[in-house]
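Q: The amino acid sequence is not available; the structure is as follows:
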């Protein structure tokens, strides 16, 4: 029991340690308002920087580190005047070898100021945040937001407002057809061609329907999570908690109905269906708790992905033998008593529930991984579909062995091999956990887990797994390995081969089979061959204006930093030499990240399906464009447009067949030229 109490404490301290290491910031901030006279106030952001650290200036050249900046979510009764700047300190300007430019930094204490013109004292309210990146000689912090909020009672006493203007909010209200970009992009810097932004944002859902639909990515993702559920369900069967239960449970049914094999078979089938119902209910509960919109946000939320990363590290440690995740014994005892006190199908259902509780120490980490992976698909049906696949795989053997009980004689005996299966699953879960750390890193632009660092971690894990299978590494609960079986030898060879296969990726090899999980190629620190698209725009109106100037059609690409299928399309399709040649020479590529966290210059308010929706980030804006104009929200999603924003082909979802994508591009060109 003492050990069981220790496990939750260990899990708690691990989460605390993980969150504290992420949240630690060597810069403390204090915000206040000061009277600047003439009806103006200074919003002061005072930074106290720890010794040995420095903070970057507010004015940093393009291509440099993240500058210190301020942004407003809401302003009422005031308007900003001038730029956000350091008031009482001069930056230390020096040449930075890494960025190859002169960069200004601050240390010690520095006051940053943003002047505000007060237009209405009674209505005054302001909320926003300051973002800054601090570095020492070894590391840098991510530019996480530090929020501030003031109201009319916080204004300095003695403030006199000389005039009042009707300029109380920076939130722009727009209707369902008006372009949100009209307030956020005022000019096109790369071209002199003007564009009709209202026309570019008009919905084209009906026009797309005339072309028909291609590659519904939402259906593909559900099939993918169902197959993953099946695979993890079959893997759970090979764990020490589930495997021994097969002959025990089937024998129970046969002994319970000695005179009627048909009745025993019916009971076993009911038992399998009960298992499916139990795990399916778990998926439905997860969906009802989070909801569809929350599951979409989870896919790229830094907080959720970091929590998932920590959870999977705990699950991996459990599989590797550090501890066992056990449910309270009273739960199992209560289920046992229900089995004894009930009859018929109800008794069988409680027996299935007992199996779920008894096997939790092995199935819990697998279920946790599956639900985490399903939740980040952004589809509200994914957790339920994943649990259905898992339960289906778990229940099949019980029904089959009940129908054919003589098969039980051919089952391998329980032994140390089951613990080895558990450890192998632990290595797999450990490797996959870094996917979630990568998503958090990419969606927030921290630059902590680049592609080559990710690959280095996976190479080490694959090598350790191979050494474990050969008996060179021994973990807790392992028996002495007398000899290496043929199965272990083949699996170790596969693990070492996988490690060797990944090594060229450290120098930029595409590694297409695993490109969906890896961070994108642009995060690679060193690559011998850069196969990326030559010309790519990340702003819709800018790219459309450039296309009008050059006379080329537009390939619009809705993607996401946390979208694994987007990364796979980039690595397997868009970098294909033939595809790359067509896009570089005959298209203008516009890639819009729907999970981009950078804030818009002003919050936009749109009328969407009869309700008001606020767009605060660049990703919000592009996600709204995809929903509003094209009537879809799955990524990746490609559509070919003419210069008026009208589609030239059906939308194209996830399909990594190069020939199909080339046909998609060529049909778009044909329709554009007709």
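A: Arrived safely. This is a predicted model, so every value here is computed, not measured. Numbering: from 1, shown residues only.

Q: per-residue confidence for residue 213?
A: Note for residue 213: predicted pLDDT of 56.

Q: Ignore what I typed, I meant residue 561.
A: pLDDT, residue 561: 76.

Q: so is it in a helix, a strand, or just coil?
A: What DSSP: H, G, I helix; E, B strand; the rest coil gives for residue 561 is coil.

Q: what's the nearest residue to it if we skip its chain neighbours?
A: For residue 561, ignoring the flanking residues on the chain, the nearest one in space by CB to CB, 6 or more residues apart in numbering is residue 442 at 3.7 Å. For every residue, glycine as well, the C-beta is placed using N, CA and C.

Q: before we move on, which element is the one you found in?
A: Per DSSP states H and E: residue 442 is located in helix 416-444.

Q: Residue 510: neighbour count?
A: Counted with other CB atoms under 10 Å, residues neighbouring residue 510 total 19.

Q: That one and residue 575 touch, don't they?
A: Yes. The criterion here is CB atoms under 8 Å, and residue 510 meets it with residue 575 at 6.4 Å.

Q: about what we covered before: list the contacts of the residue nearest to residue 561.
A: For residue 442, the contact set (CB atoms under 8 Å, 6 or more residues apart in numbering) comprises 519, 520, 523, 561, 562.

Q: Residue 597 now?
A: Residue 597 neighbours (CB under 8 Å, 6+ apart): 443, 444, 445, 617, 618, 619.

Q: Kindly write the PyMOL command that selects the buried subset of these.
A: In PyMOL syntax, the buried subset of those is picked out as below (16 or more other CB atoms under 10 Å):
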select buried, resi 443+444+617+618+619
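
Q: among the contacts of residue 597, which two are most distant?
A: The distance between the two most remote of the contacts of residue 597 (CB to CB) is 12.7 Å, for 444 and 618.

Q: taking the mean pLDDT, what do you get for the strand or helix carrying residue 281?
A: In this structure, residue 281 sits in helix 261-298 according to DSSP H and E. On average, the pLDDT along helix 261-298 is 67.

Q: do stretch 136-146 as well
A: Across stretch 136-146, the average pLDDT comes to 74.

Q: who touches that stretch?
A: Taking CB under 8 Å, 6+ apart as the rule, stretch 136-146 contacts 24-27, 29, 52-54, 65-66, 129-135, 444-446, 448.

Q: Low-confidence ranges, the stretch 51-200 of the chain, go.
A: 63, 98-99, 138-139, 162-195 (pLDDT under 70).

Q: ok, which stretches of it are helices?
A: Ranges of helices in the stretch 51-200 of the chain, per DSSP state H, counting those that start in this stretch, are 181-184, 197-200.

Q: got the buried residues for stretch 607-619?
A: 615, 616, 617, 618, 619.

Q: okay, how far is it across that stretch, tip to tip?
A: From its first residue to its last, stretch 607-619 covers 17 Å (CA to CA, to the nearest Å).

Q: What average pLDDT does it get?
A: On average, stretch 607-619 scores 79.

Q: With stretch 539-557 instead?
A: Stretch 539-557 comes out with an average pLDDT of 90.

Q: same check, this time on stretch 653-667
A: For stretch 653-667, the mean pLDDT works out to 89.

Q: Over to stretch 475-485?
A: Mean pLDDT, computed over stretch 475-485, is 82.

Q: Of the contacts of residue 442 - the most surrounded one?
A: Ranked by neighbour count (other CB under 10 Å), the contacts of residue 442 have residue 562 at the top, with 27 neighbours.

Q: So what does the nearest residue to residue 204 once chain neighbours are set aside have for phi and psi?
A: Distances taken as CB to CB, 6+ apart place residue 647 nearest to residue 204, at 5.4 Å, with adjacent residues excluded. Here is the backbone geometry of residue 647 (degrees, to the nearest 10): phi -70, psi 150.

Q: now the strands for the stretch 401-550 of the chain?
A: For the stretch 401-550 of the chain, applying DSSP state E, counting those that start in this stretch gives strands covering 536-537.

Q: all helices for it, in order.
A: With DSSP H, counting those that start in this stretch as the criterion, the stretch 401-550 of the chain has helices at 416-444, 451-469, 486-502, 540-550.

Q: possible to save those helices as JSON lines with distance to residue 665?
A: Listed next are the helices of the stretch 401-550 of the chain as JSON lines, based on distance: least, CB to CB, whole Å:
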{"stretch": "helix 416-444", "distance to residue 665": "27"}
{"stretch": "helix 451-469", "distance to residue 665": "27"}
{"stretch": "helix 486-502", "distance to residue 665": "30"}
{"stretch": "helix 540-550", "distance to residue 665": "15"}
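
Q: so which of those helices gets nearest residue 39?
A: helix 540-550 (36.2 Å).

Q: now the stretch 401-550 of the chain, which segments are flagged as low pLDDT?
A: Residues of the stretch 401-550 of the chain that meet the criterion pLDDT under 70 lie in 402-403, 405-406, 408-415, 443, 528-535.

Q: Break the chain into its domains for me.
A: 25-154, 197-202+530-673, 217-414 (automatic domain parsing).
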